[in-house]
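>>> return atomic coordinates for the entry below.
(2 chains)
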Number of protein chains: 2
Amino acid sequence: MTENPRRRRGRGAPPQKSRTTNYRNLRNPFPLMAVFSDDRIAAIHDASLEVLERLGIKVLLPEARAQFKAGGARVDDSTEMVHIGRDMVEAALATAPKSFPLIAGNRDRDLVMELGSMIFQPGAGCPHATDLERGRRPSTEQDFRELITLTQHYDVLHMIPPLVEPQDVPIHLRHYAMTKGQMELTDKLPFIFSRGTGQVEESFEMLRDFRGLSDQDFAAQSHCYTIINTNSPRQLDIPMALGVMDFARHGQMAIITPFTLMGAMAPITVAGAMTLSHAEALAAITLGQLVNPGAPVCYGTFTSNVDMKSGAPVFGTPEHFKASLAAGQLARHIGLPWRCASGSAANLGDVQAANETQFGTWGCLLAGATVTLHAAGWLEGGLTISYEKLVTDVEVLQMMAELCTATAANADEIALGALEEVQPGGHFFGAGHTMERYATEFYEPVVADFANFGTWQERGSVDATTRATGIWQGILRDFTPPTTDGDRIDALHKYIADKTAAGGCAPVS
Amino acid sequence: MTENPRRRRGRGAPPQKSRTTNYRNLRNPFPLMAVFSDDRIAAIHDASLEVLERLGIKVLLPEARAQFKAGGARVDDSTEMVHIGRDMVEAALATAPKSFPLIAGNRDRDLVMELGSMIFQPGAGCPHATDLERGRRPSTEQDFRELITLTQHYDVLHMIPPLVEPQDVPIHLRHYAMTKGQMELTDKLPFIFSRGTGQVEESFEMLRDFRGLSDQDFAAQSHCYTIINTNSPRQLDIPMALGVMDFARHGQMAIITPFTLMGAMAPITVAGAMTLSHAEALAAITLGQLVNPGAPVCYGTFTSNVDMKSGAPVFGTPEHFKASLAAGQLARHIGLPWRCASGSAANLGDVQAANETQFGTWGCLLAGATVTLHAAGWLEGGLTISYEKLVTDVEVLQMMAELCTATAANADEIALGALEEVQPGGHFFGAGHTMERYATEFYEPVVADFANFGTWQERGSVDATTRATGIWQGILRDFTPPTTDGDRIDALHKYIADKTAAGGCAPVS
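Have a look, this model is predicted:
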């Protein structure tokens, strides 16, 4: 038994040339997994249509009910219930685009929304931020800007989510701060909250002017996106309905994501929760397509379970994994690009958190998710984002992205020459075949430490999370924002100053 | 945006009935992934045959060379080189069984070795053990016995590996201590080191008598196993060759595992390393089949890479993952059950360690590994096993095992009744459909803590690794060994006492 690698430790050598990676525009290389047979998926789809048609969905926004009614739905304004016929849903699925581009500030950051794309986003929507230097605190504009910077830094993070709530900015001015942060610090696809038409249209205006686009050019392609969470079960609230309509009207992508925790706001079974999630997603997709047939839309789900002992939401569980698989099957059933999510319920960036997030992310990948949200940094079921966990999760995402690269097995790689050159019991460190490739053959980690125990101890026995602190600090310190026309920055600042002076714009609730 | 689960937190309720799990006899539920096209796999197989035929393999044991020669190989005793024709390899692959049982002490623990089975083992072969209470230390018999106890405790760990070296036991007596520990503390399939015919035959004798088997019954099925690591590149040393022959002669399973680190003892490319690994595995399989055609044998590989800056072996990397995929394709090409391995190079059970082990294990599962070794607890590339990491990795393995269970999506699970019962914006905590299922529907974690931040803080802000300490301590404290005939224990003790008094049995090197 000689399975002890350290005995084999050979000499190292300084790299000659550096390795290039391409973590943009990834295609999912993983085989897709099913949790249900195709006939059960058809049954769930059918049950969802029955939910919409017979049970109905409560739509709180009168204009949305009117839109549904005009499209042929049975609407009761006294109960706010909308009953959507399956023909309406089928018509919407026929006009919803199966593939469309997302236009970033830097066109090299553009993405293609379609089945087969593999897009990662860090954690989103957190009211707290935490790091080892400053501890856990209510999140601020500074946190938001720092986390945009980290997201911009890593190519494997493809879109900007609403990482944290900048809670030190009043809510009637918050959309200015969030747009400003994204315009100044990143050239990736920006996010806009759906908190009423006023804020949304101001955000569109800032973005459009910053990008130098005409109204028509802006509306022709998706330059930003929003996330629509239904109020499960079976309810679409006012800001969310407004968001569906506003984004559809302007040709910008809405990601429709019912947030359906099994046993809480959804049935306790995977099939039941997915029936509800699917029904709600189809309702919102239908609304958007009624407003603007062909508007870009992303199907989505975020279905996990609760801990039935405490009622707490949990993530990265086997049930979460199965729900992701079911959602992927449903997405393929209707042919739309779709969003899934990873995450963790842990209270700090420990081994539980690492394991839950990686497990949840594998569920998304084997489900064939187009977009995987909350793939880095998300703790406490979304109450906190951790700077260090963002870095350690990025390591995993990069390793997954490495698997997208084709690996050759031609004569050069099979290397019979090297196998002949190295004698039995010898080693390949010095072989020509090795020397040609050693600087570029292997993935280079972000945070993993490969030193042996003695060296690691001499260096202070630092764990990965603590090493991650130095990494995010270095990124923030050395960061160069993407090049932008200074006049546009000035114009944006002036716009915000004027609007602020005029009283800002309150969100709708 | 309402993607904040805590706002949705509902009431909990005490469980009514407990959940039953079955983590024994798992079948791999995951879709299999390929890294190379079928024609490249055929090319690697063919190149491996050329390595064996033209370049040859150095075999240090004269009896093994004689066996190869008798089987038709070209042998040069002066250089110890053996050139194995492809016809010999093909004949061996024709007699090696594609499916066979492994007989445990408790027949409920029997396993089926074939493609499609999914068998996990904790980390093996470590010269150190570590835990948060006692720190890192050279491993002892006590560690070995404690780690067997933990392995016995978790159903998701299916076989006993040589967890640690009991270094406080002299090497000429160590096989007694290892057999004694396994007989007294576990009814899962035991492991025997191949350290010479003397130790192996004494271990067989102890096991056979302890199980109350005749020589014939013992030889008819595999009641234990060994692991054969070739001395890559292209060398089979004396104890390993003896092991292949001893285990084949007695009808016990040898797991053939070349340990081929890309860039060190193997070519730096995945294809080159796998060509070497495959060749060496085929050589050892051929030797065993020459000794006893039809003897149970497990194909294997343990191919990862080294960090080219330091020469250190690393695990759970993208290259390790790709090599696992290639090995799975080669195993299916020859149709044999096979062993793969996970692991971690981290120096403590931190987030790096968790991520590497889970990543490596996913590589094994998507590769369709029959047996995944080092799936729990393995640190420092095998220099240390961690009690806490064993527990936290078991959590991941159990979550993977949960995915083996079929999930229904019939009318009961689609739950239209519950969807109708719960009104828009309401919740399912109190629904009849939930109440019937809440105590049994979801996976119950080993170590994950789902408390909210405040509660978790009140309880002392304990991380998962620290919680794992209490868990392994509890298992050791409450452990009940499997029931065994006291006379057999006494007989084993007497055998060992007599052999020890007679001087023991030195290993062969």
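
>>> how about the residues of the stretch 151-300 of chain A by chain B?
A:162, A:193-195, A:227, A:229, A:231, A:233-235, A:237, A:239-240, A:257, A:259, A:261-272, A:275-276 (CB under 8 Å from any CB of the partner chain). The C-beta positions use only the backbone N, C-alpha and C, and glycine is treated the same way.

>>> so, low pLDDT: which residues of chain A?
A:1-17 (pLDDT under 70).

>>> for it, which helix is longest?
helix A:270-291 (DSSP state H).

>>> give the next helix or strand downstream of it.
On the C-terminal side of helix A:270-291, the nearest following helix or strand under DSSP states H and E is strand A:297-300.

>>> output that next one as PDB - backbone C-alpha positions only.
The C-alpha atoms that make up strand A:297-300 are tabulated as PDB, following Å, rounded to 0.1, in the frame of the first residue of the first chain:
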ATOM      1  CA  VAL A 297     -38.900  36.500 -19.800                       C
ATOM      2  CA  CYS A 298     -37.100  33.900 -17.700                       C
ATOM      3  CA  TYR A 299     -39.000  31.000 -16.100                       C
ATOM      4  CA  GLY A 300     -37.900  30.400 -12.600                       C
END
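
>>> identify the residues contacting that strand?
Strand A:297-300 has contacts (CB atoms under 8 Å, 6 or more residues apart in numbering or on different chains) with A:96-97, A:113, A:225, A:227, A:248, A:253-258, A:281, A:285, A:288-289, A:327, A:330-331, A:334, A:336-340, A:370-371.

>>> buried ones in stretch A:93-113, by neighbour count?
By neighbour count on 16 or more other CB atoms under 10 Å in any protein chain shown, the buried set for stretch A:93-113 is A:93, A:95-97, A:100, A:102-105, A:109-111, A:113.

>>> one step back: and the contacts of strand A:297-300, which are buried?
Listed as buried from the contacts of strand A:297-300 are A:96-97, A:113, A:225, A:227, A:248, A:253-258, A:281, A:285, A:288-289, A:327, A:330-331, A:334, A:336-340, A:370-371; burial here means 16+ other CB under 10 Å.

>>> what about the strands in the stretch 351-500 of chain A?
In order along the chain, the stretch 351-500 of chain A carries the following strands (DSSP state E, counting those that start in this stretch): A:371-373, A:378-379, A:384-386.

>>> can you pull the contacts of the residue nearest the centre of chain A?
Note on chain A: the residue nearest the mean C-alpha position is A:Leu373, at 2.5 Å, using CA atoms, centre = their mean. A:Leu373 makes contact with A:121, A:123-124, A:161, A:302, A:339-342, according to CB under 8 Å, 6+ apart.

>>> what's the distance between the residue nearest to A:Met113 when sequence neighbours are not counted and B:Phe68?
Excluding its sequence neighbours, the residue lying closest to A:Met113 (CB to CB, 6 or more residues apart in numbering or on different chains) is A:Pro337, at 4.3 Å. In this view, A:Pro337 and B:Phe68 are 57 Å apart by CB to CB, to the nearest Å.

>>> can you check A:Arg24 too?
Distance from A:Arg24 to B:Phe68, by CB to CB: 52 Å.

>>> looking only at neighbour counts, state which of these two leads.
B:Phe68 (24 against 16; other CB atoms under 10 Å in any protein chain shown).

>>> A:Ala254 belongs to a strand?
Yes: under DSSP: H, G, I helix; E, B strand; the rest coil, A:Ala254 sits within a strand.

>>> that one and A:Thr226 touch, don't they?
Yes: under the criterion of CB atoms under 8 Å, A:Ala254 makes contact with A:Thr226 at 5.4 Å.

>>> anything in contact with each of the two?
Residues touching both A:Ala254 and A:Thr226 by CB under 8 Å, 6+ apart: A:194, A:243, A:247.

>>> out of those residues, who's nearest chain B?
The shortest separation between chain B and any of the shared contacts of A:Ala254 and A:Thr226 is 7.2 Å, and it belongs to A:Ser194 (by CB to the nearest CB).

>>> please look at the closest one and A:Ile238 and confirm they touch.
No: in this structure A:Ser194 lies outside contact range of A:Ile238 using CB under 8 Å: 10.1 Å.

>>> those two: who's more crowded?
The residue with more neighbours, out of A:Ser194 and A:Ile238 and counting by other CB under 10 Å, is A:Ser194; that gives 25 against 16.

>>> the more buried one and B:Leu383, how far apart?
Relative to B:Leu383, and taking CB to CB, A:Ser194 is found at 53 Å.

>>> next one: A:Glu202
To B:Leu383, A:Glu202 is 59 Å away according to CB to CB.

>>> cool, and A:Asp46?
A:Asp46 sits 56 Å away from B:Leu383 when distances are taken as CB to CB.

>>> ok, now A:Leu32?
Following CB to CB, the distance that separates A:Leu32 from B:Leu383 is 38 Å.

>>> comparing those two, which residue is more hemmed in?
Between A:Leu32 and B:Leu383, B:Leu383 has the larger neighbour count (other CB under 10 Å), namely 21 against 15.

>>> the more buried one touches B:Ala129, doesn't it?
No: here B:Leu383 lies out of contact with B:Ala129, judged by CB under 8 Å, at a distance of 10.4 Å.

>>> enumerate every residue touching A:Ile119.
A:26, A:111, A:158-159, A:370-372.

>>> straight-line length of stretch A:502-509, end to end?
The separation between the terminal residues of stretch A:502-509, taken as CA to CA, to the nearest Å, is 21 Å.

>>> swap in stretch A:72-84?
For stretch A:72-84, the first-to-last residue distance is 8 Å (CA to CA).

>>> now do the buried residues in that stretch.
For stretch A:72-84, the neighbour count (16+ other CB under 10 Å) marks A:73, A:75, A:80-84 as buried.

>>> restrict those residues to those near chain B?
The overlap between the buried residues of stretch A:72-84 and the neighbours of chain B (CB under 8 Å from any CB) comes to A:Met81.

>>> and A:Pro313, what are its bridge partners?
Following DSSP bridges, A:Pro313 is listed with bridge partners A:Val306.

>>> what do you get for A:Phe120?
When assigned by DSSP bridges, A:Phe120 has beta-bridge partners A:Thr372.

>>> ok, now which ones touch it?
Contacts of A:Phe120 were listed using CB under 8 Å, 6+ apart, and they are A:156-158, A:371-372, A:375-376, A:397.

>>> check which helix or strand A:Pro233 maps to.
Secondary structure (DSSP H and E) places A:Pro233 outside all helices and strands.

>>> count the neighbours of it for me.
Look at A:Pro233: counted by other CB under 10 Å, it has 29 neighbours.

>>> for A:Asn106, see how far away it is.
When A:Pro233 is compared with A:Asn106 (using CB to CB), they lie 41 Å apart.

>>> ditto for A:Glu114
In this structure, A:Glu114 lies at 21 Å from A:Asn106, with CB to CB as the measure.

>>> with A:Glu395 instead?
From A:Glu395 over to A:Asn106 (counting by CB to CB), the distance is 24 Å.
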